[in-house]
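Peer 1: output the structure for:
(one chain, ligands or ions: 1)
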Amino acid sequence: MMPDGSQLHVATRSATHGPGSQSGTPARRRALVTDAREVLAHQEAPGGRLESMNFAFGSDDVFAIADLPDNKTAAAVALTVSGSRHHRVSACVGRPELPGGAVARMEGVQHGASAGCDAGPATRADAPAGGRATFPAMRAYGFTAVGGPENETLLDLAPPVAGPGELLVRVRAAGVNPGDWKLRAGGYGAVPLPAVLGREVAGTVEAVGDGVHGFAVGDEVFGGTPGMVGGWAELARVLAPFAAHRPESVAPVDAAALPVAAGTALDGLDGLALEPGATLLVNGAGGGVGVAAVQLAVARGLTVVGTASPAKHDLLASLGAVPVAYGAGVVGRIRAAAPGGIDAAFDMVGGPALRTLAALVPDRTRLVSIADHALVAELGGHAVERDRSTAVLAWLAALVADGVLDPLVTDVRPLEEAGAALAAVEAGHARGKVAISVG
Ligand SMILES: NC(=O)c1ccc[n+]([C@@H]2O[C@H](COP(=O)([O-])OP(=O)(O)OC[C@H]3O[C@@H](n4cnc5c(N)ncnc54)[C@H](OP(=O)(O)O)[C@@H]3O)[C@@H](O)[C@H]2O)c1
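Peer 2: As a prediction, this is how the structure comes out:
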């Protein structure tokens, strides 16, 4: 198996081309990927024994690198000429010790200098016309450079491989979160590019990594992805310790919406450990975490006051909260809604809104924020400690199955419209959860 580092290097290099210079439409790129894959399988791995592949897109070609059995690697380039389909593919077989210089050699291959692949005989062959693809390219949605939404694109990628402690899941649905656009915008530092967005999914287990217990191929599951990336794709890696079985009565889009938002809501409430009858202020109650926090708090016997824009007040009231409009005069409105005072506040907004509302919480150890860790600490409160475990997810799914919790997925888009789904969340006024259906 080729070391990950070399594969990542290849994938990263593709990003330097930028979205505008990549080889044509998604359908055209898929055709190129299929061509490269067919030739590698045909020449180097009879019987379809390719282990995994990565692709880099040039201006008019696709460069493919594959893991082969027996610790070998192979590379191929599918070319287009004057808008027609590929003409030929160069391929070479490497040895296990190749990866140190493999990328440079394979760049040589990419530019037609197949003699640069010195670890094995370079071959050049016409690709089989109309042949069957052994491993169809996987569709995904992500970004090719850190920055704004203009860097987002549909991607054709090699299917990922489940690492130790991971599941490979055929994705049926994925959740959308503010963390997705923050990742794209560089808020969490550098990520290998191109990066596939998406940190929570539901789907069917296709493969089980080493050291995984309690999950088998064919199981319906939901959970979080490693590195909080990779979910908006036909196949995704999922962390087995942060995955659970999906009850049949819980739809995939609902299950996919639980790990981040409802999980955070549950952890926030557990940390506050309020007694029934206490009054909780939920700031930003109409979004993904907010609607879950309201429902879970009401189920615990708390009195809940929730801030939201007026268009969401009916929704909050239907969930059992007293809705209050945020903005100028909000402190007075909350005092009127909770004449006995506020015992604790759970903030989803941060900034000036958090600073204003902190004045309502006499015991600042009962002030938590998921949106502004620095400010909440300055105000004497704290961030929410996450428990990303199978037990938490199983508990949340049981609450959904029992009708106690509804993740309130109000907007479901196909993978092709993932950009619109993310834009809806990035606008900052989502109603409940947004999700993506895949397949
Ligand atoms: N630390 C963690 O583990 C963790 C986990 C999940 C989320 N987060 C963070 O927590 C925040 C909320 O996440 P989310 O998924 O709930 O986001 P979301 O679904 O986008 O919801 C945010 C909500 O805030 C409302 N809002 C906007 N400005 C407001 C204001 N000034 N006062 C009150 N409400 C306001 C919006 O709707 P209206 O304006 O229409 O009312 C919207 O419903 C994000 O910053 C996210 O990155 C952190």
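
Peer 1: is the top strand by length along the chain positioned near the ligand?
Peer 2: Longest strand in the chain, counting residues (DSSP state E): strand 166-176. No: contact of strand 166-176 with the ligand (C-beta under 6 Å from any ligand atom) is absent, the minimum separation being 8.6 Å. The way it works is simple: take the backbone N, C-alpha and C, and place the C-beta from them, glycine included.

Peer 1: helix, strand or coil for the closest residue to Trp232 other than its chain neighbours?
Peer 2: With sequence-adjacent residues excluded and distances taken as C-beta to C-beta, 6 or more residues apart in numbering, Trp232 is closest to Gly198, at 3.7 Å. Look at Gly198: counting by DSSP: H, G, I helix; E, B strand; the rest coil, its state is coil.

Peer 1: give me the helix or strand of the chain that scores worst on average pLDDT.
Peer 2: helix 4-15 (a mean of 24; mean pLDDT, DSSP states H and E).

Peer 1: show me what contacts whichever residue of the chain sits closest to the ligand?
Peer 2: Of all residues in the chain, Gly287 sits closest to the ligand, at 1.8 Å by C-beta to the nearest ligand atom. Going by C-beta atoms under 8 Å, 6 or more residues apart in numbering, Gly287 touches Ala261, Met348, His429, Ala430, Arg431, Gly432.

Peer 1: check it and give its pLDDT.
Peer 2: On the pLDDT scale, Gly287 is placed at 98.

Peer 1: just Gly18 next, same as before
Peer 2: 28.

Peer 1: use 638 as the first number for this chain going forward.
Peer 2: Fine by me, first position is 638 from now on; the one you just mentioned is Gly655.

Peer 1: who's in contact with Ala811?
Peer 2: Gly835, Glu837, Val838, Ala839, Gly868, Trp869, Ala873, Ala893, Ala1072, Ile1073, Val1075.

Peer 1: burial of the first one, as a residue count?
Peer 2: If I follow you right, that is Gly835. Residues lying near Gly835 (other C-beta atoms under 10 Å) number 32.

Peer 1: circling back: given the longest strand of the chain, what are its sheet partners and their directions?
Peer 2: Strand 803-813 pairs in its sheet with strand 837-845 (antiparallel), strand 872-876 (antiparallel), strand 1070-1074 (antiparallel), by DSSP bridges.

Peer 1: distance to Leu804 for these - can I get that in TSV?
Peer 2: Below are those laid out as TSV (distance: least, C-beta to C-beta, whole Å):
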stretch	distance to Leu804
strand 837-845	5
strand 872-876	5
strand 1070-1074	19
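
Peer 1: so which of those strands comes closest to Val919?
Peer 2: Counting by C-beta to C-beta, Val919 lies closest to strand 1070-1074 out of these; the figure is 15.6 Å.

Peer 1: need the contact partners of the closest one.
Peer 2: Taking C-beta under 8 Å, 6+ apart as the rule, strand 1070-1074 contacts 778, 809-813, 835, 869, 889-890, 893-894, 898, 925, 928, 1044-1052, 1054-1055, 1058, 1061-1062.
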